[in-house]
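>>> My questions concern the predicted model and sequence given below.
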Amino acid sequence: MFHDASSSLHNAAQIVFWVSLALVVYAYALYPIAVWACSRVFGRQPTPPTDDGGELPLATLLIAAHDEEAVIRARLENALALDYPQEKLEIVVASDGSTDATADIVRAFAHRGVRLLEYTPNRGKAATLNAAWREVRGDIVLLSDANTFTHREAPRHLVRWFRDPAVGAVCGRLVLVDSATGRNVDGVYWRYETFLKRCEARLGALLGANGAIYAVRRADYTPLPSGTIVDDFVIPLLARARHGSRLVYEADAVAREETPAEISEEFKRRARIGAGGFQSLRMLWPLLSPRHGWLAWSFLSHKLLRWCCPFFLLALALSDIVLVRSPFYGAALAAQAAFYLAAWLGSRWASRSKVARLVRLTTLFTSMNAALLVGFWRWVTGRQRGVWARTARTEV
């Protein structure tokens with residue numbers, strides 16, 4: 001009987017090991033290959049409607065802000081310089097309980113047409129967007145962050161898609177730049193995510209937007225549940241789920257953000273996004289239905305499985321411990337230990353050499369999954385609030 005129980009445990013551990021390994025490899029390596037192949041065979045490059053020579057629609061640039069006195073003046077100067085008719089572009093700053101000089105700085109721009117919507121106390125970004133949406137006038141609402149700087153022609157590139165009544169939201173392209181030099185520092189992971197966006201867009205299966213630069217048809221907006229964490233993910237997909245509207249990617253609509261390479265800040269951001277991802281399932285789970293086709297596949301593969309990877313990694317390690325007496329599984333456990341040791345070393349290696357950058361990929365992968373695990377815990381325990389904070393992304 002003991003032998004049978006031991007054999008059953010061994011067999012179960014083998015199944016857990018291989019299933020966990022397969023899901024991690026699929027989520028991070030095989031899915032990108034598969035979505036690229038499918039996008040080339042079955043997809044097409046979306047093209048915006050041709051310009052019919054008609055008037056541009058009234059658009060609102062909505063900037064949600066909380067304690068952004070350090071950047072809000074420069075952000076508004078950037079907004080006022082955008083290549084869009086002044087009489088057609090409403091610039092609105094929705095201040096969510098700011099306790100610094102943010103509101104005073106915005107008021108100083110009133111004579112240049114900037115509107116301030118001041119909400120107190122701090123209620124969170126979702127509540128702020130819901131309230132502001134009732135007060136904006138544009139048929140198209142361009143959403144952006146206070147620390148984002150938009151290229152002059154970006155609004156025209158975003159708005160042109162809405163000539164197609166089937167389009168409900170348009171996602172722009174965010175470029176990360178070094179705060180000291182202004183040089184493009186898009187890391188490997190950011191380029192990897194942008195690659196996936198392009199492939200999914202060809203299949204009509206784009207998932208969410210870049211919070212720094214995207215646009216939504218005002219009529220397609222669904223009010224966010226209180227405490228929603230990842231609004232830029234939920235808003236476009238709710239429009240898809242409720243109205244059947246399309247979400248497209250516009251690479252020529254560019255914004256930039258300055259970002260220091262702080263892994264600790266990246267960890268906070270990813271933990272928050274992780275909590276928001278799990279939270280969003282309550283609203284977006286119907287999109288996993290096979291009737292949504294490519295979108296359901298990309299949601300499952302790119303998001304849900306990715307969010308679950310920390311649990312697959314834990315299962316992989318625990319099952320390997322059970323199987324460690326086997327030479328193969330002993331070697332696999334040693335390889336896992338070496339990978340996590342490299343991740344730890346990478347977090348402390350300040351060099352910018354190619355070797356160091358390669359090692360830091362293990363750091364990024366490990367940190368990202370640890371952050372997702374923390375995010376899951378915060379979601380389960382209700383510790384992640386719906387307020388937002390500016391955080392930095394990691395250069396790799």
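Looks like it arrived, so ask away.

>>> Quickly find the element holding residue 315.
Taking DSSP states H and E as the definition, residue 315 sits inside helix 305-322.

>>> wait, isn't residue 192 in contact with residue 31?
No - using CB atoms under 8 Å, residue 192 is not in contact with residue 31; the gap is 11.3 Å. Bear in mind the C-beta positions are built from the backbone N, C-alpha and C, glycine included.

>>> how far is the helix holding residue 315 from where the chain is centred?
Relative to its chain's centre, helix 305-322 lies at 24 Å (CA atoms, centre = their mean, to the nearest Å).

>>> repeat for stretch 89-109
Offset of stretch 89-109 from its chain centre (CA atoms, centre = their mean): 25 Å.

>>> Ok, stretch 23-39 next?
Using CA atoms, centre = their mean, the distance between the centre of stretch 23-39 and that of its chain works out at 18 Å.

>>> Let me see the ranges of the strands in the protein.
With DSSP state E applied, the chain shows strands at 59-65, 89-96, 114-119, 140-145, 148-150, 167-177, 214-217, 246-258, listed in chain order.

>>> Just tell me which of the ones you listed ends up closest to residue 50.
Minimum separation from residue 50 across these (CB to CB) falls at strand 167-177, 14.1 Å.

>>> angle of that closest one against strand 246-258?
If you take axes from the mean of the first three to the mean of the last three CA atoms, to 10 degrees, strand 167-177 sits at 20 degrees to strand 246-258.

>>> What residues sit buried inside the helix ranked longest in the chain?
Taking DSSP state H as the criterion, the chain has its longest helix at helix 354-381. Using 16 or more other CB atoms under 10 Å as the test for burial, helix 354-381 gives 357, 359-376, 378-379.

>>> same question, stretch 274-286
By neighbour count on 16+ other CB under 10 Å, the buried set for stretch 274-286 is 274-280, 283-284.

>>> which of those residues sit farthest apart?
Among those, 274 and 283 lie farthest apart (CB to CB), at 16.2 Å.

>>> by contact count, what packs against the longest helix of the chain?
helix 188-202, helix 263-284, helix 305-322, helix 327-346 (3 or more CB pairs under 8 Å, 6 or more residues apart in numbering; DSSP states H and E).

>>> give me that answer again for 6 Å
On a contact count with 3 or more CB pairs under 6 Å, 6 or more residues apart in numbering; DSSP states H and E, helix 354-381 meets helix 263-284, helix 305-322, helix 327-346.

>>> From residue 172, how far off is the residue positioned nearest the centre of the chain?
Residue closest to the mean C-alpha point of the chain, counted by CA atoms, centre = their mean, is residue 210 at 5.8 Å. Residue 210 sits 6 Å away from residue 172, taking CB to CB, to the nearest Å as the criterion.

>>> repeat for residue 74
For residue 74, the distance to residue 172 - CB to CB - is 19 Å.

>>> neighbour-wise, which of those two wins?
residue 172 (27 against 12; other CB atoms under 10 Å).

>>> Just the buried positions in stretch 332-351, please.
Applying a neighbour-count criterion of 16+ other CB under 10 Å, one finds 332-333, 342-343, 346-347, 349 buried in stretch 332-351.

>>> Not counting its neighbours along the chain, what's nearest residue 237?
Nearest residue to residue 237, sequence neighbours excluded (CB to CB, 6 or more residues apart in numbering): residue 284, at 5.4 Å.

>>> picking that back up, need the helices and strands packed on helix 354-381 in TSV with mean pLDDT, can you?
Shown next, in TSV, are those (pLDDT from 0 to 100):
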stretch	mean pLDDT
helix 263-284	86
helix 305-322	96
helix 327-346	94
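
>>> could the ones you listed go into CSV alongside distance to residue 59?
Rendered in CSV, the data for these read as follows (distance: least, CB to CB, whole Å):
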stretch, distance to residue 59
helix 263-284, 26
helix 305-322, 33
helix 327-346, 44
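
>>> Which residue is the nearest non-sequential neighbour of residue 78?
Excluding the flanking residues, the one nearest residue 78 by CB to CB, 6+ apart is residue 149, at 4.8 Å.

>>> Distance of the one you found relative to residue 291?
40 Å.

>>> Looking at these two, which one has more neighbours?
Set residue 149 next to residue 291 and count neighbours by other CB under 10 Å: residue 149 wins out with 22 against 8.
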